[in-house]
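> quick one, structure for this:
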Amino acid sequence: MFGQSKPVVLESYGSRRKRGRPPRWLVLLLSGVAIGAIGVVVVQERYLPPRLSPTESARLREAYETADAERLRLQQSLGETSQKLNTALSEKTKLGEELSTSRASTERLREDLSAVVAALPPDPRGGGIEVRAGRITTRGGMLVYDVVLTRERAGSKPMAGVLQLTVAGVSARGPETTVALKPVTLALGQHEIVRGSQPLPEGFKPRETTIRVLDRPAGNSLGMRVMLVK
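This is a model prediction of the structure:
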């Protein structure tokens with residue numbers, strides 16, 4: 001009943017593989033690596049931009065450096081331009097303030113002048129154009145004149161006219177004579193101060209000057225006054 005027992009031999013799992021065959025997990029790993037590498041190559045060749053050669057890479061880097069330098073230059077230029085613009089705006093503001101002050105001063109001077117003219121004695125002859133004041137002198141053979149004219153019922157538009165000076169005196173030869181000087185063009189507003197000088201004949205000694213305001217040369221008289229030459 002009880003025979004001789006035979007020894008039991010246990011074989012490990014790994015010993016069942018055929019000798020020389022790689023493990024399955026290694027085969028799968030290598031296959032995955034190969035497939036991945038092929039996929040990368042395919043994607044690079046079909047979908048990604050072509051790879052640059054060393055020469056093209058150098059050119060690209062040089063172009064980038066040039067563009068970056070130009071960007072820095074433009075940025076610096078923009079800063080300088082902005083600074084100049086801010087300076088110009090500041091100067092414009094300053095000039096605007098000075099212009100406002102100048103206009104205010106001019107307006108005050110105009111008002112002061114109007115007050116002074118209004119305080120002058122009236123023209124004894126009256127008329128639409130009055131010769132309110134004047135100063136007639138001589139200097140170096142020239143008749144120098146300053147004449148203040150006012151216009152009655154002056155409108156917003158200046159009235160055109162001429163100032164005619166006729167000088168009476170003694171000529172170089174001795175007899176009394178009169179000399180008509182060149183007419184002076186006027187634009188008469190509410191008041192006008194006419195200044196200037198005109199040459200006299202050589203050797204002529206002026207005594208008095210007749211000041212006439214005409215509507216045009218040799219035209220109708222709008223005002224007149226006689227003043228001595230000082």
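> okay, now Thr150: neighbour count?
Neighbour count for Thr150, taken as other CB atoms under 10 Å: 23. Yep, even glycine has a C-beta here, placed from its N, CA and C like the rest.
> quick check: which element contains it?
Element membership for Thr150, per DSSP states H and E: strand 142-151.
> what lies in contact with that strand?
Applying CB atoms under 8 Å, 6 or more residues apart in numbering, the contact partners of strand 142-151 are 117, 120, 128-138, 159, 163, 165, 167, 181, 186, 188-200, 206, 209, 211, 213, 223, 229.
> can you list the strands that that strand pairs with?
strand 129-139 (antiparallel), strand 191-199 (antiparallel) (DSSP bridges).
> what segments of the chain are helices?
Using DSSP state H, the helices of the chain run over residues 24-46, 54-119.
> quick one: closest of these to Ala154.
Closest approach to Ala154 among these is made by helix 54-119 (11.3 Å; CB to CB).
> from the chain's centroid, how far away is that closest one?
Remark: helix 54-119 is offset 9 Å from the chain centroid, using CA atoms, centre = their mean, to the nearest Å.
> and stretch 141-159, by the same measure?
Centroid separation for stretch 141-159 versus its chain: 37 Å, with CA atoms, centre = their mean.
> any idea how far apart the tips of that stretch sit?
Taking CA to CA, to the nearest Å, stretch 141-159 runs 32 Å from one end to the other.
> quick check: phi and psi on Arg173?
Per-residue torsions, Arg173: phi -90, psi -10 (degrees, to the nearest 10).
> distance of it from Gly134?
For Arg173, the distance to Gly134 (CB to CB, to the nearest Å) stands at 29 Å.
> looking at these two, which is more packed in?
When Arg173 and Gly134 are compared for neighbours, Gly134 comes out ahead with 17 against 7, by other CB under 10 Å.
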